[in-house]
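> What would the 3D arrangement of this be:
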Amino acid sequence: MDTNLLILILIVALALIFDFINGFHDTANAIATSLSTKALTPRVAILYAATLNFIGAILFSGVAKTIGGSIADPFKVENGTFIIIATLISAILWNLLTWYFGIPSSSSHTLIGSLAGAVIAGAGWASVNFDGFKKIILILLLSPIVAFAAGYLVMTILKYIIIWTGNSSRTRMNRVFRTFQIISAGLLSFSHGGNDAQKAMGIIVFGLVSAGYATDLEVPLWVKISAGLAIGLGTSVGGWRIIKTVSNKLIKIEPINGFASDLTSFAVIQTSTLLHMPLSTTQVITSSIIGTGSVIRFHEVKWATVIRMIMTWLITIPISMIVAFIIYKLLFGWM
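Numbering: from 1, shown residues only. This next block holds a predicted model:
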């Protein structure tokens, strides 16, 4: 077995480990609201989300091509396989660290930051496509703002519809929206798989090109199925630390704002997927929850937790770049 094939096998293994961790790290957000309101039981919610994550993952590939070619050109960059190894080790370490402390960090931020840092370490600043990098960063920065605003708007509309129809029974309203949540949680899980699993696919394709096993950025079917299974299995494990933060430490979630935040998140994430742009599903989902919750109980939003999350989001990319740079130099700097 030649060295290139062994390195490629290592890249695929690391990418699927990252995808698995992404499953229990990020997908927890997709089912947090339905678990908080008891719209779904934990076992059903996890299996439901895992299945729809897998389906979403195998139906799309545009985001994978963006990840695989927008930050650096795998056809031109030197030491591409070693760069991907350093990228994945860095991303896995940061995801595990934030999971351990129960912080809803962004797997997208850490992967993109790690890739940029590893490229700089292995091929130099000139090898980074800063136009593509800045475009991705812009989407990552704007998406939580859009999600907050959209969540606030959707929740306001629902609030006035309830007032207009004269439905003052909280018990009946909760029962109706708890049923709606089953649908919205499914839609959100589907869109999550369609965006997040593609990031691992893009990294694998980058590795395939760098190792000489692919001549374009098309995602092979086996890569789609592998990534879909990995994120689905990760979801089935469940990220209870993250679920606890999202469902309990931001604001009290009721069925109506749980439904509104799920629906808003689905719309934002799915739009980004159709535009072939990666975003942070963590940011979108938590921002939607904060936006919808602000309409109901603005003063009860736990802003200290919100600020903590925002700080984590802001530092993730630069820290990931530094960590990936150091890992590359430690592992491959002698070459």
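
> When you work out contacts or count neighbours from here on, use the C-alpha atoms and nothing else.
OK.

> where in the stretch 1-150 of the chain is pLDDT low?
By pLDDT under 70, the weakly predicted segments of the stretch 1-150 of the chain are 1, 25-29, 102-105.

> Apply 90 and report the result again.
For the stretch 1-150 of the chain, residues meeting the criterion pLDDT under 90 lie at 1-4, 20-54, 56-57, 60-62, 65-71, 76, 78-79, 94-109, 130-144.

> can you give me the helices for it?
Remark: helices assigned in the stretch 1-150 of the chain by DSSP state H, counting those that start in this stretch are 3-36, 42-59, 62-69, 80-100, 107-123, 130-165.

> So which of those helices is the most surrounded?
helix 107-123 (a mean of 27; mean count of other C-alpha atoms under 10 Å).

> Report all helices and strands that it contacts.
If contacts are counted by 3 or more C-alpha pairs under 8 Å, 6 or more residues apart in numbering; DSSP states H and E, helix 107-123 sits against helix 80-100, helix 303-332.

> can you give me the helices in the stretch 201-335 of the chain?
Counting by DSSP H, counting those that start in this stretch, the helices of the stretch 201-335 of the chain are 221-237, 240-248, 255-274, 281-297, 303-332.

> Pick out the shakiest of those helices, pLDDT-wise.
Ranked by mean pLDDT, the helices of the stretch 201-335 of the chain bottom out at helix 240-248, with a mean of 53.

> what about stretch 215-222, start to end distance?
16 Å (C-alpha to C-alpha, to the nearest Å).

> what does it contact?
Contact with stretch 215-222 is made by Ile58, Ser61, Ala64, Lys65, Gly68, Gly69, Met201, Gly202, Val205, Phe206, Val209, as judged by C-alpha atoms under 8 Å, 6 or more residues apart in numbering.

> wait, which of the helices of the stretch 201-335 of the chain is closest to Ile139?
Among those, helix 255-274 comes nearest to Ile139, with 8.7 Å by C-alpha to C-alpha.

> now the angle from that closest one to helix 130-165?
If you take axes from the mean of the first three to the mean of the last three C-alpha atoms, to 10 degrees, helix 255-274 sits at 150 degrees to helix 130-165.

> what angle sits between helix 255-274 and helix 3-36?
Put simply, helix 255-274 runs at 160 degrees to helix 3-36, going by the same axes, to 10 degrees.

> on contacts alone, who are the packing partners of helix 255-274?
helix 3-36, helix 62-69, helix 130-165, helix 170-210, helix 281-297.

> and the ones you listed as a markdown table, adding distance to Ala45?
A markdown table is the format used below for those (distance: least, C-alpha to C-alpha, whole Å):
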| stretch | distance to Ala45 |
| --- | --- |
| helix 3-36 | 6 |
| helix 62-69 | 26 |
| helix 130-165 | 22 |
| helix 170-210 | 8 |
| helix 281-297 | 16 |
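
> Of all those helices, which one is nearest Gln270?
Of the helices and strands packed on helix 255-274, nearest to Gln270 by C-alpha to C-alpha is helix 170-210, at 5.4 Å.

> what's near enough to touch the residue sitting nearest the centre point of the chain?
The C-alpha lying nearest the average C-alpha coordinate of the chain belongs to Thr281 (C-alpha atoms, centre = their mean; 4.0 Å). Thr281 makes contacts with Asp26, Ser106, His192, Asp196, Ser265, Ile269, as judged by C-alpha under 8 Å, 6+ apart.
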